[in-house]
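Visitor: using only what follows, build the 3D model:
(chains A and B)
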2 protein chains.
Amino acid sequence: MAKAGDRVKVVSVDETYEGVVVPNEETKNLVLKLDSGYNVGIERSKIKKIEVLKAYKAGKKKEIPVKHDKNKPTIGVLHTGGTIASKVDYETGGVIAHFTAEDLIAMVPELAEMANIKTELVANMMSEDMNFAEHQKIADAVEKYAKKGVDGIIIGHGTDTLAYTSAALSFMFEKINIPVLIVGSQRSSDRGSTDAISNLICAATFIVKTDFAGVAICMHYTANDDKCAIIAGTKARKLHTSRRDAFKAVNDSPIALIDYKTRNIEFLKKDYAKRNKKGKAESKTKMNSDVGLLKTYPNMKTELFDFFTKKYKAFVIEGTGLGHAPTNLGVNLKNYEILKDYIKKGGIVAITSQCVFGRVHPNVYTNLRRLSDIGCIFCEDMFAETAYIKLAWLMANYPTKVKELMGKNLRGEITPRTMPEEFLE
Amino acid sequence: MAKAGDRVKVVSVDETYEGVVVPNEETKNLVLKLDSGYNVGIERSKIKKIEVLKAYKAGKKKEIPVKHDKNKPTIGVLHTGGTIASKVDYETGGVIAHFTAEDLIAMVPELAEMANIKTELVANMMSEDMNFAEHQKIADAVEKYAKKGVDGIIIGHGTDTLAYTSAALSFMFEKINIPVLIVGSQRSSDRGSTDAISNLICAATFIVKTDFAGVAICMHYTANDDKCAIIAGTKARKLHTSRRDAFKAVNDSPIALIDYKTRNIEFLKKDYAKRNKKGKAESKTKMNSDVGLLKTYPNMKTELFDFFTKKYKAFVIEGTGLGHAPTNLGVNLKNYEILKDYIKKGGIVAITSQCVFGRVHPNVYTNLRRLSDIGCIFCEDMFAETAYIKLAWLMANYPTKVKELMGKNLRGEITPRTMPEEFLE
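Guide: Predicted structure coming up:
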């Protein structure tokens, strides 16, 4: 019988696979890590034959000493789990319990050449399960390391909700005097096509070489390993399930590009905040959980508007086009009445668009003005995910100023409008 | 006092505007159509002065006779409202009641040179309010005109939910022997930058010049007026609030490009269905309204899973990344139990990704396999909007085969997978 870590050839009724057995408690599937790096589940009932090509032998864990060099900058690396740690997963044959400086440097030895590395495991999860509590833990750790005087922070994070976390940290830190870069990987580090190493090195390079301060993400700019992009924490969105260049700057340009081979850095934006050794890192990490996100779609039922207005103190509508919602004709008129009544009683409704790109606008069509007239806040060129995080943060920290601040640019989440030509683009 | 249709200069406390007064029943705002073509609402309380530059004089309605030419092909034009009719709106000073062949040919006289035009007003609304009832009306009209023997059909439609309608018609027509092209416009036809005319002419050109059959959309391919794209009805998504090239083929290539100036057509796909004079147009237009669409996000409450599983017989989860949902750790484990119980009792859960681009996959990570193991259907490279429409259609027409058909390609909505390399791209 094949054990975890064994290299095997599996002949099933459908196909023949070759790869390494992944530890897996399920009985239904045998899971192999293929040479392409992805896992495949093979139904055990369909397996005709398993041939062990090479039995697994546990390697000795390398201990790499980490010495502090006072001539080098210091980077705090906070880890939260995700694909970026999946090599470690795979080698130890289970979910990692600790992700130490040694683990990281063993994976990317260049980091130790560039900087002193201090690490901490803040969470250990795939990011689809992140809640506000994790955002708060990460923010607390960021603040702690910033106050220790590190020159920058890298946060290892699963990619699924990486952009929600980058938005949360952006709003939480009203002041931040160092760069805080969230880094994930779309392909695990034991694959030839991994982006973990290049993303980490580009992030460290950016911290070491530039005077940037603020929250941003650092991920592949193209599908090649040639460049990574620094994207503002409030403007990043994952737009592909598996490509390495999945993250795009939405309604924005990347702040900078880092050439992986030459380590050259090109700033595409000049107006970024600058690092300040004497500056402060101050966060407001409260989040209000009574906030929702409602995507509209044809034939959606009024009961959804009922539910959101009854359950939440505020919610984001991810509408269509320039910010429309089904609120104007026939059965949909009831939705309009529900929203009107909700806002009258103090509820907050923020409007975004499922188009992702572009700007919502309260005045182009009569139906948009109807929503604006009852008090819906049009969120300009902010997309739904960032608007949701911002709304939850404002409701917790500035409850009396939500209406005023939601449509105002606080952390680069809104690009100022130049009426009327700009939003046509 | 300025009347609707008057050209005016308005001086408000903020700014000075020049444009034409748009009919508007609101008291709060005066609405002007600017020369850029967009409308702007100006708060009446802030207006200091209104100067009438040119008073409105109603023009005589041109009646253009439409003669049937038996040597020309015949195109059925069904109209449903939206920006594409907004010139008519503007000239008559109100919402249009009829959109006749004459109106259309007056706007785009080239159409009458290319084909005999038969038109019908099927609905008259901005598309954010479209429900299944409208999809059914449109399908019925398509079937009627197809049976009358027209050579192709153009459907004028608002852009907000145009792609939902194109998906609905794609599934409804199990057989369709002619081209059915849904056409919208992002800029109204009284603007220099309008895309209404070029989109209509490209659609008619495509019908007249090619042997294509099936449901597709015809919209700008680039932001210039140089090319339009034909995109499969199940693969189109609006990805910009205002740009003329807002519609993109997601996880697919356009079927063809039409050069607006030369009228040349380039097919990017060769395997399209061909027109067949002896073929049939047969639709199944039933839709099941007990179907929902649930987008996941960090910190979303379990009560949403409760609500969807209690209220709907089936729903699409628009999850994160490769198809994850918050179902694995801590408070989120409850969501897993709710889904498991729901599916056990006959509920249907279909998994898509809010990444929009790329493919979901049930086997790459353990957390994905957990969802697959309890019976969630992974919808391959189908995005959430098309999956929602397909699910509602399958639940109504093939209630006993939903699980089998949801993950199977019926109308080009799923690109076959070539495991494992393909989905990495």
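
Visitor: which residues of the stretch 301-425 of chain A score low on pLDDT?
Guide: A:418-425 (pLDDT under 70).

Visitor: could you pull out the helices for it?
Guide: A:302-311, A:333-344, A:366-373, A:384-397, A:402-406 (DSSP state H, counting those that start in this stretch).

Visitor: packing partners of the longest one?
Guide: Here helix A:384-397 is seen to pack against helix A:162-172, strand A:291-295, strand A:314-319, strand A:348-353, helix A:402-406 when contacts are counted using 3 or more C-beta pairs under 8 Å, 6 or more residues apart in numbering or on different chains; DSSP states H and E. Backbone N, C-alpha and C define where each C-beta goes, glycine included.

Visitor: so does the third one get close to chain B?
Guide: Yes: looking at strand A:314-319 against chain B by C-beta under 8 Å from any C-beta of the partner chain, the contacts come from A:318-319.

Visitor: and that strand, which residues are buried?
Guide: Within strand A:314-319, the residues that count as buried by 16 or more other C-beta atoms under 10 Å in any protein chain shown are A:314-319.

Visitor: adding distance to A:G279 as columns, could you present the residues you listed in TSV?
Guide: As requested, the buried residues of strand A:314-319 are exported to TSV (distance: C-beta to C-beta, whole Å):
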residue	distance to A:G279
A:A314	32
A:F315	35
A:V316	32
A:I317	37
A:E318	36
A:G319	39
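
Visitor: strands of the stretch 201-350 of chain A, start to end?
Guide: Per DSSP state E, counting those that start in this stretch, the stretch 201-350 of chain A carries strands over the ranges A:214-220, A:227-232, A:236-238, A:247-249, A:256-259, A:265-267, A:282-283, A:291-295, A:314-319, A:348-353.

Visitor: how far away is A:K280 from A:L405?
Guide: Counting by C-beta to C-beta, to the nearest Å, the gap from A:K280 to A:L405 is 21 Å.

Visitor: who's more crowded, the two?
Guide: Neighbour tally, A:K280 and A:L405, criterion other C-beta atoms under 10 Å in any protein chain shown: the higher count belongs to A:L405, 17 against 13.

Visitor: going along the chain, name the strands of the stretch 51-200 of chain A.
Guide: Taking DSSP E, counting those that start in this stretch as the criterion, the stretch 51-200 of chain A carries its strands at A:74-79, A:116-121, A:152-156, A:173-175, A:179-183.

Visitor: for the residue in the stretch 251-400 of chain A that chain B sits nearest to, which non-adjacent residue is spatially closest?
Guide: Nearest residue of the stretch 251-400 of chain A to chain B: A:G358, at 3.0 Å (C-beta to the nearest C-beta). Nearest residue to A:G358, sequence neighbours excluded (C-beta to C-beta, 6 or more residues apart in numbering or on different chains): B:T241, at 3.0 Å.

Visitor: how about A:D226?
Guide: Per C-beta to C-beta, 6+ apart, closest to A:D226 is A:Y260, 5.9 Å.

Visitor: same check on A:I84?
Guide: A:S185 (4.3 Å).

Visitor: distance of that neighbour relative to B:K311?
Guide: From A:S185 over to B:K311 (counting by C-beta to C-beta), the distance is 38 Å.

Visitor: look at the two and report which has more neighbours.
Guide: Regarding A:S185 and B:K311, a neighbour count based on other C-beta under 10 Å identifies A:S185 as having more, with 27 against 14.

Visitor: the more buried one contacts A:N199, doesn't it?
Guide: Yes: counting by C-beta atoms under 8 Å, A:S185 does reach A:N199; the two are 5.8 Å apart.

Visitor: per-residue confidence for the closest residue to chain B within the stretch 151-300 of chain A?
Guide: Nearest residue of the stretch 151-300 of chain A to chain B: A:T241, at 3.0 Å (C-beta to the nearest C-beta). What the model reports as pLDDT for A:T241 is 96.

Visitor: who does A:V10 form a beta bridge with?
Guide: A:Y17, A:I50 (DSSP bridges).

Visitor: now A:D69: closest residue in space, sequence neighbours ignored.
Guide: Closest to A:D69 by C-beta to C-beta, 6+ apart is A:N116, at 6.0 Å.

Visitor: ok, back up a step: looking at the helices and strands packed on helix A:384-397, which is nearest to A:G76?
Guide: Between A:G76 and the helices and strands packed on helix A:384-397, the tightest spacing by C-beta to C-beta is seen for helix A:162-172, at 13.6 Å.

Visitor: got the CA coordinates for the closest one in CSV?
Guide: Provided in CSV are the C-alpha atoms of helix A:162-172 (Å, rounded to 0.1, in the frame of the first residue of the first chain):
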residue,chain,number,x,y,z
LEU,A,162,-5.8,38.5,0.0
ALA,A,163,-7.4,41.6,-1.5
TYR,A,164,-10.1,41.8,1.2
THR,A,165,-7.3,41.7,3.9
SER,A,166,-5.2,44.3,2.0
ALA,A,167,-8.3,46.6,2.0
ALA,A,168,-8.9,45.9,5.7
LEU,A,169,-5.3,46.7,6.7
SER,A,170,-5.4,49.8,4.5
PHE,A,171,-8.4,51.3,6.4
MET,A,172,-7.3,50.1,9.8
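
Visitor: which other helices and strands does it contact?
Guide: By 3+ C-beta pairs under 8 Å, 6+ apart, helix A:162-172 packs against helix A:132-147, strand A:179-183, strand A:214-220, strand A:236-238, helix A:384-397.

Visitor: and that helix with strand A:214-220, angle?
Guide: 160 degrees (axes from the mean of the first three to the mean of the last three C-alpha atoms, to 10 degrees).

Visitor: one step back: same list, the strands of the stretch 201-350 of chain A, but as CSV with distance to B:T285 please.
Guide: Output for the strands of the stretch 201-350 of chain A, formatted as CSV (distance: least, C-beta to C-beta, whole Å):
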stretch, distance to B:T285
strand A:214-220, 44
strand A:227-232, 44
strand A:236-238, 36
strand A:247-249, 38
strand A:256-259, 50
strand A:265-267, 54
strand A:282-283, 54
strand A:291-295, 25
strand A:314-319, 26
strand A:348-353, 29
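
Visitor: much appreciated, bye for now.
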